[in-house]
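[1] Please find the sequence and the predicted model below.
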Amino acid sequence: MIKLYDFELSVNCYKQRLLMSILDVPYERVLIDFFPGWEHKGEEFKKINPLGHIPVIDDDGYILWDAHAILVYLAARYDSSGCWYPTSDPELLGETASWLLFAEGTTNTASAARLHDDLGYDFDIDACRAGAHRLFRVLDEHLWFREQEGRDWVCSTHHPTIADLAIFPDVMLSEEGGISRQDYPAIRRWTDRFRRLPGFVPMSGIGPVGPGL
Amino acid sequence: MVRDPTVLWHPIASVGDVPPRHVFHGQLLGRELAVWRADDGYINVWENRCLHRGLRLSIGVNNGHELMCQYHGWRYANRTAQCTYIPAHPADAPARTIFNRTFPAAERYGLVWSGEAPSGPPPEVGVLDAGSAMVLRSLPVDAPPGLVAEHLGRYRFCPNDRLDAEEPEVTADGHDDWSVLLTASAGGSSTTAAFFVQPVDSNRSVIRGVLSGSGEAADRLTVLRHHSTLLSNLRDRIEAYAATTPPPEPMEVKLHQVSEQLARVPVASVGRHAPLRVRVSRKWKTAEGVAGFELESIGEQLPSHQPGAHIDVHLPNGLVRQYSITNGPGEGTAYRIGVKREPNSRGGSECLHESVREGDVLAISEPRNNFPLRRDSVRTILLAGGIGITPLLAMAQTLRKDDLDFRLHCFAQSPAHLAFPELLKELGSSVTTHLGLTPEATVTRLRELVGRYETASHLYVCGPGPMLGAARRVATECGWPDDAIHFEYFRNDNEVDNSSSFEISLSRSALTLPVPAGKSVLEVLRANAIPVPSSCEQGACGTCGVTVLEGEPVHQDVYLNDSEKLAGDRIMTCVSRSRTDRLVLDI
Amino acid sequence: MATIGDVAGCSDPVILNEWHAISALEEIVLGVVGETVLLDERVGYTMFEDSACFAWRSTPDLTLGGPVDAVAIRDPLPVRSQYGYLWTSLGSPATELFSIPEFDDAERRNVHAGSPMLATSAARAVENFLDIAHLAFVHQGILGEQPHTEVSDYDVNLVDDEIIATKCDFYIPKVGPNFDAGIIRYRYRVPRPFCVMLYWDSYDDPSREDVIGMWVQPMRQEQVRAHRYLGTIDRTSTDNEIRHHQLLILGQDKPIVENQRPKRLPLHPQAETPIRADKSAIAYRRWLSEKGVTYGVIPALT
């Protein structure tokens, strides 16, 4: 069974739990005392990931780190529909990769701001917040035009991809980093849609949405 | 001169921002708003704050008919914002006076308009009224509204048919503090754009633009992108300019206090009166001997009802009768009741059947709930005898919408005697009918249906006296505790004896009053100007109940259950009397 | 007075003279400057090998992460190292710290479960901790479960100037192999304005109580750190599992308390709508009013 080196409040770990729940892939959690213990920075853990960060998965001896890389692997291996990571369509695959890189941006701004405000990380909080707002403006405009085209997700498909999944937690927990979503109505509607996906599980800080119509 | 912004209408959202089952997070003049569309299409604009603990309702759940707060699950009804359910106290009906603050809403030009206290209708822009409008993507700007409006006056864009025009001519057709009207022309075609600046806060605005006569635009998306790009560039310029001066202080927003009465725990209600005026918008035969009435408000919005609630209907002949509301949750534009023509009518049901017609106006009380529905039950059994179906229909619809487990059993003479068949059909497989049973067969059937008591099960019974009595006996025999058996009688068939005389002592008012033979406690209280709410005045509905602190009451009502009667700490002032010389009441 | 940016320092004598936890002792690096914010002021702290602790108003010569020598610390603040935490005060506390008899119980494990920050006032955080009705909604599936939402009547008393709520019964779902779903009985204790504790019968030994404490460090009027302490008889969970669980719970409360408006707790009785289930919160607000607390609250009379 897949082993996930996990921390409850980490958005990047949550991305893996979320995808495995949606794809109905069983896994076991190895809880890392990330806070307040800093276990991921310890010598023991660096034997697993020398970079000293989580999440890491161990799929029957195959070890992989970096949140978005793991999403690529899990979707490519376990999503039989091929929708979450559309490898068969080069254009769509390119789009997905592009928005996955966008998610690196939201992680480094919005989720960094959250680490600063929740756990006291020493980041330039003003720069994190300003950077997140710049990205959210782009995302809101993009999603608004997607809605005008009759589409629901960041890539030009009728099914969500791991790009949506990678961006969603950074956005959904942004307010914990002092980044309000009030000015991004299209993003707020997209988070409603995402929370209504079959197999969706929340993490601490993500509220309920209720059934759609 | 700058007009007072609080008396004006402002756009607060695009229509596309309020899809069903979503809560939009808005803000106007510093005040945060929770904006949501109910399944019936109504747009609610509310203070973004649960009255209980101040939680933002914009993170609550829009279930189509109510908005539920995420913190403690308080529910507020569509239209009225009245609190309909407090899960921490599922056996209590919430005080009718718990309302969230609402603001007016209007849809015009693809935008949702509201205001603190706007006068007159929302603004009219002639050129927009003419044809179908195209709503642009709204743009939040971190700058004061006045500055945004000023810059918008210099906005340059191309007409829809000439998006490639190098130097379009743009003329300003109008300009005020909050809006700008511009027309772009090039190569013989022209497009007019109306821009409204929403004053979000002292340093925050939203540009909301609408294009005139653009329904026929060849490439709608290209036009929308044209403006989105140009407006984003304009925003960058405005924000860069605004950043050169220190931002003004945010606007101060006054939050309303709740009433002194609500700040006290618990809450009392008011006396018997009929403040609402309704028009009979529909009257129809819903079953053999049963007429359905749909009652529409002719004044203000009707108060929200809770499942199990009834209203007093004041009839043209002076009589007052109680009828349960059958509506499902959130159906607030009209109340629907069912009236059975009683063979021995004392004039109530006969009057409604014979005299009251569609279009007539009736006086009714606000809905009052003495038969509250618990929603913390894992299994709910609803037993309806004949016209006793009415409050249980409201309950069944609520339970279904909440996705809670329930069965509705309807006892009736024949299929033709089943009232509101269309609702029963909608409830589908949750409904079982039991037709034409003898009294003995009814008891046997009840025993099968009720079964052994299991934790967190609740039983609701409404119907004729004998059936109700049988159901209560059967449930008790099957081990159901009194607090899991809920019932509502239509009337009190007991002979009420009012021949005794005694004294009542009112602990809070420090008054002692004699109750002579032939007068009820309620009448004595009324005669001494002590207001006590009442409804049926025959010991069936529970409205006039008060707490007894000392003395041994003689109950004579059918509202309290046996253990409540035994406890002796509550009476129905319309029929109850005293075995002791004195009753001390908590009023 | 040293302030940082937004607001001038605290002028509330009640809160100024309180003891406030500013760090778990286990998180202090020996002989190295740690820094935090307390009542709008930057406060430095450290501990030496002999377990002596120091706290001081930050000065430019003692920088975060740098080494420190005891002789270099001028004007130290009063400190206590108790219950696994470093406590200090910017005023002069009139009393010692409140007592936690459970802490010295040899059979009990004392676990520090982290000190995450919350963007709200200390009093809102305490009131959320005291709240029973939210368990079925905010902690659905863990500390409560819909539709079992009823809060039955419970007792609230003021005992030796502490708020004590007893007989707080609430439905809890099945949360572990040796625990069945059913009614759990809680007891709450508010020993000081920003310190709050919860007791319940231990799953592993029903004759004894487990305890959670939350020491809310008021960094600013609308920003706090919530130090979570657990004294548990739990024989099955590891410290790490306990920490994960506590962080999960606090993480669920976070968006709630951060989305309350106003963020400062309003003490006027008509500011919000209390119900019977809120008896302990009503008592807490009244108690803060009577003490004259103004920091992080909206006083009833303004």
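    Cool, the structure landed.
[2] rest of the way, CA atoms for contacts and neighbours
    Noted.
[3] Can you list the helices and strands that the host helix or strand of residue C:56 packs against?
    Using DSSP states H and E, residue C:56 sits within strand C:53-57. On a contact count with 3 or more CA pairs under 8 Å, 6 or more residues apart in numbering or on different chains; DSSP states H and E, strand C:53-57 meets strand C:41-47, strand C:79-82.
[4] For chain B, which of those strands is the nearest?
    The closest of these to chain B is strand C:41-47. By CA to the nearest CA, the value is 23.8 Å.
[5] Could you list the paired strands of that closest one along with their orientation?
    With DSSP bridges as the test, strand C:41-47 is paired with strand C:34-38 (antiparallel), strand C:53-57 (antiparallel).
[6] As JSON lines, those strands with mean pLDDT and mean neighbour count would be great.
    Listed next are the strands paired with strand C:41-47 as JSON lines, based on pLDDT from 0 to 100; neighbours: other CA atoms under 10 Å in any protein chain shown:
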{"stretch": "strand C:34-38", "mean pLDDT": "96", "mean neighbour count": "22"}
{"stretch": "strand C:53-57", "mean pLDDT": "97", "mean neighbour count": "23"}
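[7] so can I have CSV of these showing distance to residue B:565?
    Converted to CSV, those look like this (distance: least, CA to CA, whole Å):
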stretch, distance to residue B:565
strand C:34-38, 58
strand C:53-57, 65
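[8] How about the contacts made by the most centrally placed residue in chain A?
    When CA atoms, centre = their mean is applied to chain A, the residue found nearest the centroid is residue A:166 (3.0 Å). Contacts for residue A:166 (CA atoms under 8 Å, 6 or more residues apart in numbering or on different chains) come out as A:15, A:68, A:100, A:103.
[9] element containing it?
    Applying DSSP H and E as the criterion places residue A:166 in helix A:162-172.
[10] could you give the mean pLDDT of that helix?
    Across helix A:162-172, the average pLDDT comes to 98.
[11] what about the following helix or strand past that helix, near chain B?
    Toward the C-terminus, helix A:162-172 is succeeded by helix A:185-195 as the next helix or strand (DSSP H and E). Yes. Against chain B, helix A:185-195 shows contacts by CA under 8 Å from any CA of the partner chain at A:185-186, A:189, A:192.
[12] which residues does the residue of the stretch 1-150 of chain C found nearest chain A form a beta bridge with?
    Nearest to chain A in the stretch 1-150 of chain C, going by CA to the nearest CA, is residue C:117, at a distance of 4.7 Å. Beta-bridge pairing for residue C:117 (DSSP bridges): residue C:225.
[13] Let me see the ranges of the strands in chain A.
    A:2-6, A:27-31, A:56-59, A:62-65 (DSSP state E).
[14] again but with the stretch 51-200 of chain C, I slipped
    C:53-57, C:79-82, C:85-88, C:109-112, C:117-118, C:155-159, C:162-172, C:182-192, C:195-201 (DSSP state E, counting those that start in this stretch).
[15] How about the stretch 451-587 of chain B?
    Going by DSSP E, counting those that start in this stretch, the stretch 451-587 of chain B shows strands at B:457-463, B:485-489, B:502-506, B:511-515, B:545-550, B:553-554, B:570-572, B:577-578, B:582-585.
[16] Can you list the neighbours in contact with the lengthiest helix in chain A?
    Determined from DSSP state H, the single longest helix within chain A is helix A:125-148. Helix A:125-148 has contacts (CA under 8 Å, 6+ apart) with A:105-106, A:108-110, A:112-113, A:116, A:152-154, A:156, A:177-179, A:184-187, A:190, B:137, B:221.
[17] what mean pLDDT would you report for it?
    For helix A:125-148, the mean per-residue pLDDT is 98.
[18] ok, now stretch B:447-465?
    Mean pLDDT, stretch B:447-465: 93.
[19] what does stretch B:251-261 give?
    If you average the pLDDT over stretch B:251-261, you get 84.
[20] Roughly how far does residue C:173 sit from chain B?
    13 Å (CA to the nearest CA, to the nearest Å).
[21] list the contacts for the residue nearest to that residue when sequence neighbours are not counted?
    Leaving aside its sequence neighbours, residue C:173 sits nearest to residue C:181 (CA to CA, 6 or more residues apart in numbering or on different chains; 4.3 Å). The neighbourhood of residue C:181, defined by CA under 8 Å, 6+ apart, consists of C:171-175.
[22] try it again with 7 Å
    Taking CA atoms under 7 Å, 6 or more residues apart in numbering or on different chains, we find residue C:181 in contact with C:172-174.
[23] Please report the confidence value the model assigns to the spatially closest residue to residue B:557 that is not a sequence neighbour.
    Among residues not flanking residue B:557 along the chain, residue B:539 sits closest, at 4.3 Å (CA to CA, 6+ apart). pLDDT for residue B:539: 90.
[24] just to revisit the earlier point, quick one, the longest helix of chain A and helix A:185-195 angle?
    80 degrees (axes from the mean of the first three to the mean of the last three CA atoms, to 10 degrees).
[25] what's the angle from helix A:125-148 to helix A:162-172?
    130 degrees.
[26] list the buried ones in helix A:125-148?
    A:125, A:128-129, A:131-133, A:135-137, A:139-147 (16 or more other CA atoms under 10 Å in any protein chain shown).
[27] which residues of the stretch 201-302 of chain C fall in strands?
    Assignment of strands within the stretch 201-302 of chain C using DSSP E, counting those that start in this stretch yields the ranges C:209-220, C:223-232, C:265-266, C:297-298.
[28] List of residues touching the helix ranked longest in chain B?
    Criterion DSSP H: the longest helix present in chain B is helix B:220-242. Here helix B:220-242 makes contact (CA under 7 Å, 6+ apart) with B:136-137, B:141-143, B:148, B:160.
[29] swap the cut-off to 10 Å and go again
    Helix B:220-242 is contacted by residues A:137, A:141, A:145, A:148-149, B:134-144, B:147-148, B:150-152, B:154-164, B:203, B:207, B:209, B:211, B:214, B:217, B:243 when judged by CA atoms under 10 Å, 6 or more residues apart in numbering or on different chains.
[30] Filter the residues you listed down to just the buried residues.
    Buried members of the contacts of helix B:220-242, counted by 16+ other CA under 10 Å: A:137, A:141, A:145, B:134-144, B:147-148, B:150, B:152, B:155-162, B:203, B:207, B:209, B:211, B:214.
[31] Up against chain A, what does the stretch 151-300 of chain B have?
    B:204-206, B:220-221, B:224-225, B:228-229, B:232 (CA under 10 Å from any CA of the partner chain).
[32] how about residue 199, what does it touch?
    I went with chain A, as the question did not name one. A:18-24.
[33] Sorry, I should have been clearer: chain B.
    Residues counted as contacts of residue B:199 (CA under 10 Å, 6+ apart) are B:5, B:10-12, B:27-30, B:143-146, B:148, B:178, B:205-207.
[34] so it, which of the three states?
    Following DSSP: H, G, I helix; E, B strand; the rest coil, residue B:199 is assigned to strand.
[35] how close does the nearest residue to residue B:505 once chain neighbours are set aside get to chain C?
    Of all residues not flanking residue B:505 in the chain, residue B:512 sits nearest, at 4.2 Å (CA to CA, 6+ apart). Distance of residue B:512 to chain C, computed by CA to the nearest CA: 30 Å.
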